[in-house]
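> Give me a 3D structure for the following:
(chains A and B)
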Amino acid sequence: MSHLHTAALKATKLNHLKQLHAQLFQRSLCSDNYWVAQLIKLCTRLHAPPTYVNRVFDSVHQPNVFIFTNILKFYSQLGAHSDVLYLFDKMQKCNVAPDAFVYPILIKASGKWGVVFHAHCIKMGHDWDRFVRNAIMDMYGKFGPLEIARELFDEIPERAVADWNAMISGCWNWGNEVEARSLFDLMPEKNVVTWTAMVTGYSRRKDLENARKYFDQMPERSVVSWNAMLSGYAQNGCSEEVIRLFNEMMSCGVCPDETTWVTVISLCSSHGDASLAEGLVKMINDKGVRLNCFAKTALLDMYAKCGNLAMSRKIFDELGTYKNLVTWNAMISAYARVGDLASARGLFDTVPEKNVISWNSIIAGYAQNGQSKVAIDLFKDMIAKDVLPDEVTMVSVISACGHLGALEFGNWAVNFLEKHQIKLSISGDNALIFMYSKCGNMKDAEKVFQSMDTRDVISYNTLITGFAAYGNAIEAVELLWKMKKENIEPDRITYIGVLTACSHGGLLEEGRRIFDSIKDPDSDHYACMVDLLGRNGKLDEAKCLIGSMAMHPHAGVYGSLLHASRVHKRIDLGEFAASKLFEIEPENSGNYVLLSNIYASARRWEDVDRVRGLMTIGGVKKTTGWSWIEHKGEMHKFIVGDRSHERSADIHRVLSETEKKMRLAGYMADTSCVLKDVEEEEMEEMVGTHSEKLAVAFALLVTEPHSVIRVVKNLRICRDCHTAIKIISKMEGREIIVRDNNRFHSFSEGQCSCKDYW
DNA sequence: ATAGGGTTAG
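The predicted structure is shown next:
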C-alpha cells in the first residue's frame, strides 16, 4: 500500500494520476472512499479536466465528507461556482453533514449569497472555527455590509493575521483608505498578504505612487504582490511600467504565475500591439509555460485584437472541453469585430450556455456591421427568452435604432430602461443623443446632452453631427467653443462635424477659419472644405485647395468637387474630378452617373453616351439600396422590383392610384420634363417601382389620413421622387418628413422646407 | 486573472 502513497505524492503529471488510477483499479480500490478522496485531491493539484474528476467521483457508492470537501475544492479552484453549489446540494441530499472545512469553500463560491451560510454556520456551531469565521468576515468585507465584518472582527479574542488582512481588504473595498491604513499601522504582525493588500488598495484608487511605495517597502514579495503592482499599472494604462516591472520580476528570478500571464497578455490585447504580443508569445514558448484556461482565453483575445484570427481559432479549438463561457464569448466577438458575422453567429448558436455577454457580443456585432435590423431582432429574441439585457445591450440597441431611424422602437427602448431601472453611463447617453438626432428629434438630443454631468468628446461629436445634418451651423460651431472651454480636446471627427455644419448652413468664412485652425487636417477635412467651397460657388479655390494637399486626396475629396461641378454646371472641373474618381474607385457607379448628368444638363448627348459606354465596358452596375420605413416598431424594407413584402399588392395599388391622381391633377408635365432626358428602360424604373416610392406608398397605406408620415433611413430621393412627395403632400393635405441620408426634408402643402436641395 | 457598449460623409 505504501508505494501507492508514494506514487500519489510524487505525481506531477496527469499521466501519473492515470497510472495510479489504473493500479487502484487492479486492486479494486476504485470505489474506496479514502483513495477516491486522494485521487480528487490530486486532480485539483494537477488541474485535471472536470470530466475526469466526475468519473472518479461517480465511481464511489457512498461519498463521505472528505470526498465532498475535495471535489468542492476542485470546482472552487476552477471558479465553477455553480458546480460548487450544486455539489453542496447533492451533499445534503446524501445526508452528509458539512464540517468546518466545507463552509469556507462554500462561502467563497457563493459570492454575496454567502450570507445564507452565515446562519447555517451559527446553527451548526461552526462559526467559532477560525477559518469559517475568517471566510464570513471576508465575505462581508467584499459584499457588505462592512459593519458586520467589523463587528465580527472586534469580537475575535485572538486575531490571526488572516483576520486583520480580511478586514484591511474589506476597508479598501469600500474605499476607506484611512481605516485601512490605521489597521495596517496597528497590526502587531504583518505578512506578505497584508502588504499586498495595501498595494492592491492603492492601485485600485489609481494612486500608483503610494502603491509603489508600499510595494518597494515590502520585506518580502510573493508572485501575488508582483501581480498586484502589475495589474495596478495595467489598469491605469501605464503599459511601459508594466513591461518594465515584468522584466524586473523576471530578472529577480520570480516565476510568473497564471495571473501574471493573464495580466501581461491582456495588456497586449488592449494595446493591439502585435510586436509586443509576439515577444510575449516567444517568451512563453521558450519557458515552456503551460497556460490555463484563463490565460489561453486572454491569449485568444490578444491574437484577435492584434489581427491574427487564425491563431485565435487555433487556441479555441485546442482548448476543447477546457474552454469556458468567456472563451466562447471572446471568440464570438473576435469574429464579430472583423465583420465575419456568419462565423460569429455559428458559434453563438452553438454556445452551450449563453449569458448576457454572449448576447451583447452578437448584437453589437450586427449593430457595428451595418445590420441594425438583425441586431434589433436578436434583441427581441433575447427578451422573448427572458434574458435580462443590461446597459451594454441597450447601448447597442439604441445605436441600432439611430442608424435605422427607428424612433418608435427607440422610444420603446427608452421606456424599457426606465421599467427595468437600467442606468445609462456616458456611452449610453451618447447613444441616446445619436438616436434622437438621427431621427430628427434635436430637442430630445439636446435635452439628453444637457442632463449629462460629464460629457466626453463623443458626446460633443454626436450632437455636433446632429446639428450638422440639420444645417444648424451656429449651434454646431458654438458647441465647438463650448467643448474647448470645458477642456475637451476636439478630435478629427469633431472637425468633420463642424465643417459639415458650416457647409450645410452656409457659414463660409467661419468654416474657413475653423479649417485653418486644424492642426493637421486629413483627407476627410479637405473633403468637407471642398464641399463648403463648392456649395458657395468657389470651385476654382476648391481645386487649388486639393492641389495644395500634402497627402493623396481620397475619393471623398474628388466626390465633393464632382458634386459641386454638377450643381454649378462646371464641365471642366467635373471631368477633372471624375477622371480621378474613375482611377480611385472605378466600380462606383455614382461617379459615372454624375458625370453623365453633367453632360446631360449641357445637352452634350454624345458625351452622355460615351460615359454610359464606359460603364458598360467596365462592367459597372448601378447599385440600388434599400429604403426603410418604421411602422409600429417594426422595420420594413423595399428595393426596386422587389415584391416580397407581404402587402406588396396593396402598395402597388396605392402607388398606381397616386400616380393616376397626380396625372389627373395635371402634374404630368412636372415629372415628364424630368424624365425626358433619360432612356426608355430607365424611365420605366423611375416611374415604376423605385424603392423610395414603394416606401412612401407603404407609408400612405398604413398611416391615418392627414397624419404625419415619417419616412426614414436611406431615402435618397431622386428628383422624380422629390416631386412626387411634394405632390402627395399637397393632394393628401398632410406633412411628410423624409430623411435623405442625413438631411431632413419636411413636405407640407406641396412645399419642401429644405430649400437648397435641388 | 480572461469576454460585451457610444460619434464620420456625398
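> Packing partners of the helix or strand harbouring A:F74?
Element membership for A:F74 (DSSP states H and E) is helix A:65-78. Here helix A:65-78 touches helix A:33-46, helix A:50-58, helix A:81-93, helix A:102-109, going by 3 or more C-beta pairs under 8 Å, 6 or more residues apart in numbering; DSSP states H and E. C-beta here means a position set from N, CA and C on the backbone, and glycine is covered the same way.
> Quickly find the element holding the nearest residue to A:Q38 once chain neighbours are set aside.
With sequence-adjacent residues excluded and distances taken as C-beta to C-beta, 6 or more residues apart in numbering, A:Q38 is closest to A:A8, at 5.5 Å. Assigned by DSSP H and E, A:A8 belongs to helix A:2-10.
> Now do that helix against helix A:33-46, angle only.
Here helix A:2-10 runs at an angle of 20 degrees relative to helix A:33-46 (axes from the mean of the first three to the mean of the last three C-alpha atoms, to 10 degrees).
> how about helix A:2-10 as CSV, C-alpha atoms only?
C-alpha atoms of helix A:2-10 as CSV (Å, rounded to 0.1, in the frame of the first residue of the first chain):
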residue,chain,number,x,y,z
SER,A,2,2.8,2.4,0.8
HIS,A,3,4.0,2.6,-2.7
LEU,A,4,0.6,3.9,-3.7
HIS,A,5,1.0,6.7,-1.3
THR,A,6,4.5,7.5,-2.7
ALA,A,7,3.0,7.4,-6.2
ALA,A,8,0.3,9.9,-5.1
LEU,A,9,2.9,12.2,-3.5
LYS,A,10,5.2,12.1,-6.5
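> Quick check: next helix or strand after it?
Scanning onward from helix A:2-10 (DSSP H and E), the first element met is helix A:14-26.
> list the contacts for the spatially most central residue of chain A?
Central residue of chain A (C-alpha atoms, centre = their mean): A:A364, 5.3 Å from the mean position. Applying C-beta atoms under 8 Å, 6 or more residues apart in numbering, we find A:A364 in contact with A:333, A:336, A:375, A:392, A:396.
> out of those, which is most surrounded?
A:S396 (27 neighbours; other C-beta atoms under 10 Å).
> can I assume it is in contact with A:I363?
Yes - contact criterion C-beta atoms under 8 Å: A:S396 and A:I363 qualify, at 5.0 Å.
> what is in contact with the two at once?
Common neighbours of A:S396 and A:I363, counting by C-beta under 8 Å, 6+ apart, are A:375, A:379.
> on that earlier part again, if we compare the helices and strands packed on helix A:65-78, which one ends up closest to A:V351?
Of all the helices and strands packed on helix A:65-78, it is helix A:81-93 that lies closest to A:V351, at 15.8 Å by C-beta to C-beta.
> Go through the closest one and flag the buried ones.
Residues of helix A:81-93 classed as buried by neighbour count (16 or more other C-beta atoms under 10 Å): A:81, A:83-85, A:87-88, A:91.
> what mean pLDDT does the helix holding A:F74 have?
For helix A:65-78, mean pLDDT rounds to 85.
> Just want the angle from that helix to helix A:33-46.
10 degrees.
> now helix A:65-78: how far from the chain's centre is it?
37 Å (C-alpha atoms, centre = their mean, to the nearest Å).
> hey, C-alpha coordinates of it in CSV?
Written as CSV, here are the backbone C-alpha positions of helix A:65-78 (Å, rounded to 0.1, in the frame of the first residue of the first chain):
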residue,chain,number,x,y,z
VAL,A,65,-17.4,14.3,3.8
PHE,A,66,-13.7,14.1,2.7
ILE,A,67,-14.7,13.3,-0.8
PHE,A,68,-17.2,16.1,-1.0
THR,A,69,-14.7,18.5,0.6
ASN,A,70,-12.1,17.7,-2.1
ILE,A,71,-14.4,17.9,-5.0
LEU,A,72,-15.8,21.2,-3.7
LYS,A,73,-12.2,22.4,-3.6
PHE,A,74,-11.6,21.2,-7.2
TYR,A,75,-14.5,23.2,-8.6
SER,A,76,-13.8,26.1,-6.4
GLN,A,77,-10.3,26.3,-7.9
LEU,A,78,-11.8,26.3,-11.3
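> who's in contact with that helix?
For helix A:65-78, the external contacting residues (C-beta under 8 Å, 6+ apart) are A:33-34, A:36-37, A:40-41, A:43-44, A:50, A:53, A:57, A:60, A:81, A:83-84, A:87-88, A:91, A:96-99, A:101-102, A:105-106, A:108-109.
> can you give me the helices for the stretch 301-450 of chain A?
A:309-319, A:325-337, A:341-350, A:356-368, A:372-384, A:391-404, A:407-419, A:426-438, A:442-451 (DSSP state H, counting those that start in this stretch).
> name the helices or strands packed onto the last one?
Packing partners of helix A:442-451 (3+ C-beta pairs under 8 Å, 6+ apart): helix A:426-438, helix A:457-470.
> May I have that helix exported as CSV, CA atoms only?
Taking Å, rounded to 0.1, in the frame of the first residue of the first chain, the C-alpha atoms of helix A:442-451 are listed here in CSV:
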residue,chain,number,x,y,z
MET,A,442,-32.9,67.5,-31.9
LYS,A,443,-34.9,68.8,-28.9
ASP,A,444,-34.5,65.5,-27.0
ALA,A,445,-31.0,65.0,-28.3
GLU,A,446,-30.1,68.4,-26.7
LYS,A,447,-32.1,67.5,-23.5
VAL,A,448,-30.0,64.4,-23.0
PHE,A,449,-26.8,66.3,-23.7
GLN,A,450,-27.8,69.0,-21.1
SER,A,451,-28.7,66.4,-18.5
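> For it, which residues meet the burial criterion?
Applying 16+ other C-beta under 10 Å to helix A:442-451 flags A:442, A:444-446, A:448-449 as buried.
> want to try JSON lines for those residues, with pLDDT and distance to DNA strand B as columns?
Formatted as JSON lines, the buried residues of helix A:442-451 follow (pLDDT from 0 to 100; distance: C-beta to the nearest atom of the strand, whole Å):
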{"residue": "A:M442", "pLDDT": "91", "distance to DNA strand B": "14"}
{"residue": "A:D444", "pLDDT": "94", "distance to DNA strand B": "16"}
{"residue": "A:A445", "pLDDT": "95", "distance to DNA strand B": "11"}
{"residue": "A:E446", "pLDDT": "95", "distance to DNA strand B": "15"}
{"residue": "A:V448", "pLDDT": "96", "distance to DNA strand B": "12"}
{"residue": "A:F449", "pLDDT": "96", "distance to DNA strand B": "11"}
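> Out of the residues you listed, flag the one nearest to A:Y460.
Once C-beta to C-beta is applied, the member of the buried residues of helix A:442-451 that ends up nearest A:Y460 is A:F449, at 8.4 Å.
> give me every residue that touches that closest one.
Per C-beta under 8 Å, 6+ apart, neighbours of A:F449: A:429, A:433, A:455, A:459, A:463.
> Give me the distance between it and A:T462.
8 Å (C-beta to C-beta, to the nearest Å).
> Also A:S222?
Taking C-beta to C-beta, one finds A:S222 at 47 Å from A:T462.
> Which residue of those two possesses the greater neighbour count?
A:T462 (26 against 16).
> residues in contact with that one?
A:T462 makes contact with A:430, A:433-434, A:437, A:445 under the criterion C-beta under 8 Å, 6+ apart.
> mind redoing it with 10 Å?
A:402, A:429-438, A:445, A:448-449, A:455, A:493, A:497 (C-beta atoms under 10 Å, 6 or more residues apart in numbering).
> Show me what counts as buried in the lengthiest helix in chain A.
In chain A, with assignment by DSSP state H, the single longest helix is helix A:648-664. With burial defined by 16+ other C-beta under 10 Å, the residues of helix A:648-664 counted as buried are A:651-652, A:654-655, A:658-659, A:662.
> counting contacts, what elements does that helix pack onto?
On a contact count with 3 or more C-beta pairs under 10 Å, 6 or more residues apart in numbering; DSSP states H and E, helix A:648-664 meets strand A:634-638, helix A:668-675, helix A:691-702, helix A:719-732.
> that older thread, separation between the residue nearest to A:Q38 and A:K438?
66 Å.
> More neighbours: which of these two?
Taking other C-beta under 10 Å, A:A8 and A:K438 do not tie; A:K438 has more neighbours (26 against 18).
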